[in-house]
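> fold the following for me, if possible:
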Amino acid sequence: MAGALCPGSFDPVTNGHLDVFRRVAAQFDEVIVTVNVNPKKQGMFTVPERIELLREATADLPNVRIASWQGLTVDFAREQGVTAIVKGLRDPGDFGYELPMALMNKKLAGVDTFFIAADPAFTHLSSSLVKEVARFGGDVTDMLPPAVHKALLARLAEQG
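A predicted model of the protein is given here:
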């Protein structure tokens, strides 16, 4: 069974992420979307909240599984028997950031990284930018899955 890993923070998951998941799911038998845990970063959503939002957003993709991991992504890939990591790229800056990691992952564990170009409709999306726009009252309705949009607005209301 050919499987792929789609790692990220997904704080929160956007429609751009979902587009990548759908396209990867069409190419691989199994896709593991993993929330990478960085104890030095405080997200807007907790890891369990992000996992639940991802599960809801990918419920229509039967070959997508959601997990979380703290540590080297290649260690998780090895543990899961996955030999491919897939990353979406929005622009040359993403490539510059991702390429050294891809080369290191290959060196450390023989895991190949495949890059998929973002759909132009989503190249402007990043979780950070969506949160910032929403925080200042901008309409991000069409940038997020409905449940994620609802959760984001609720969290912002909690934060006052």
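> how about the CA coordinates for stretch 145-160, as CSV?
In CSV, the C-alpha atoms belonging to stretch 145-160 read as follows (Å, rounded to 0.1, in the frame of the first residue of the first chain):
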residue,chain,number,x,y,z
PRO,A,145,-14.1,24.9,5.9
PRO,A,146,-17.4,25.9,7.6
ALA,A,147,-16.7,24.2,11.0
VAL,A,148,-13.2,25.7,11.1
HIS,A,149,-14.6,29.2,10.3
LYS,A,150,-17.2,28.8,13.1
ALA,A,151,-14.5,27.6,15.6
LEU,A,152,-12.2,30.5,14.6
LEU,A,153,-14.9,33.1,15.2
ALA,A,154,-15.8,31.5,18.5
ARG,A,155,-12.1,31.5,19.6
LEU,A,156,-11.7,35.1,18.6
ALA,A,157,-14.8,36.0,20.6
GLU,A,158,-13.4,34.2,23.7
GLN,A,159,-10.2,36.2,23.4
GLY,A,160,-12.1,39.4,23.3
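> leaving out chain neighbours, which residue sits closest to Gly81?
Gly3 (6.9 Å; Cβ to Cβ, 6 or more residues apart in numbering). C-beta here means a position set from N, CA and C on the backbone, and glycine is covered the same way.
> please identify which helix or strand holds the nearest residue to Leu125 once chain neighbours are set aside.
Spatial nearest neighbour of Leu125, chain neighbours left out: Gly16 (4.0 Å); criterion: Cβ to Cβ, 6+ apart. If you go by DSSP states H and E, Gly16 is part of helix 15-25.
> only the buried residues of that helix, if you could.
Asn15, Gly16, His17, Leu18, Asp19, Val20, Phe21, Arg23, Val24, Ala25 (16 or more other Cβ atoms under 10 Å).
> quick one: name whatever helix or strand follows that helix.
On the C-terminal side of helix 15-25, the nearest following helix or strand under DSSP H and E is strand 30-36.
> for this structure, just list every one of the helices.
Per DSSP state H, the chain carries helices over the ranges 15-25, 47-57, 73-80, 92-109, 127-135, 146-159.
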